[in-house]
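Peer 1: coordinates only, sequence not included:
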């Protein structure tokens with residue numbers, strides 16, 4: 001019984017690692033001056049309903065992943081608290097020429113990049 005539980009946990013862990021690696025691969029492709037959404041990245045990774053898991057993956061990513069280019073479906077900077085300084089995410093995006101609307105959301109009509117589906 002214990003071996004089954006361990007194997008099940010190992011399998012879940014491998015699936016999570018594989019999904020996280022897909023998230024990192026897609027996020028690295030977001031061009032300078034563009035953003036993508038958690039949902040679009042999840043869909044490109046094969047599981048549209050895993051937008052929250054994309055955020056979870058990006059919370060623990062390294063500095064080589066441009067996590068600041070990922071926003072929610074409205075263009076809001078929901079991940080900004082994970083950058084240490086809550087203004088850093090917006091600052092990084094503005095330095096790339098990304099524009100914001102009057103509500104503080106990214107202008108998705110100008111800056112949205114959608115990853116290609118597999």
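Peer 2: Noted; the coordinates are in hand. This is a predicted model, so every value here is computed, not measured.
Peer 1: chain neighbours aside, what residue packs nearest to residue 77?
Peer 2: residue 89 (5.0 Å; C-beta to C-beta, 6 or more residues apart in numbering). No exception for glycine: its C-beta is placed from N, CA and C like everyone else's.
Peer 1: list the contacts for that neighbour?
Peer 2: 68, 77, 79, 80, 83 (C-beta atoms under 8 Å, 6 or more residues apart in numbering).
Peer 1: what is the nearest of these to residue 43?
Peer 2: residue 79 (17.9 Å; C-beta to C-beta).
Peer 1: and stretch 73-83, which residues are buried?
Peer 2: Residues of stretch 73-83 classed as buried: 75, 77, 79, 80, 82, 83 (neighbour count, 16 or more other C-beta atoms under 10 Å).
Peer 1: quick check: which element contains residue 18?
Peer 2: Element membership for residue 18, per DSSP states H and E: helix 2-28.
Peer 1: immediately after that helix, which helix or strand?
Peer 2: strand 36-37.
Peer 1: contacts for that next one?
Peer 2: Residues outside strand 36-37 that contact it (C-beta under 8 Å, 6+ apart) are 26-27, 30, 51, 69-73, 112-115.
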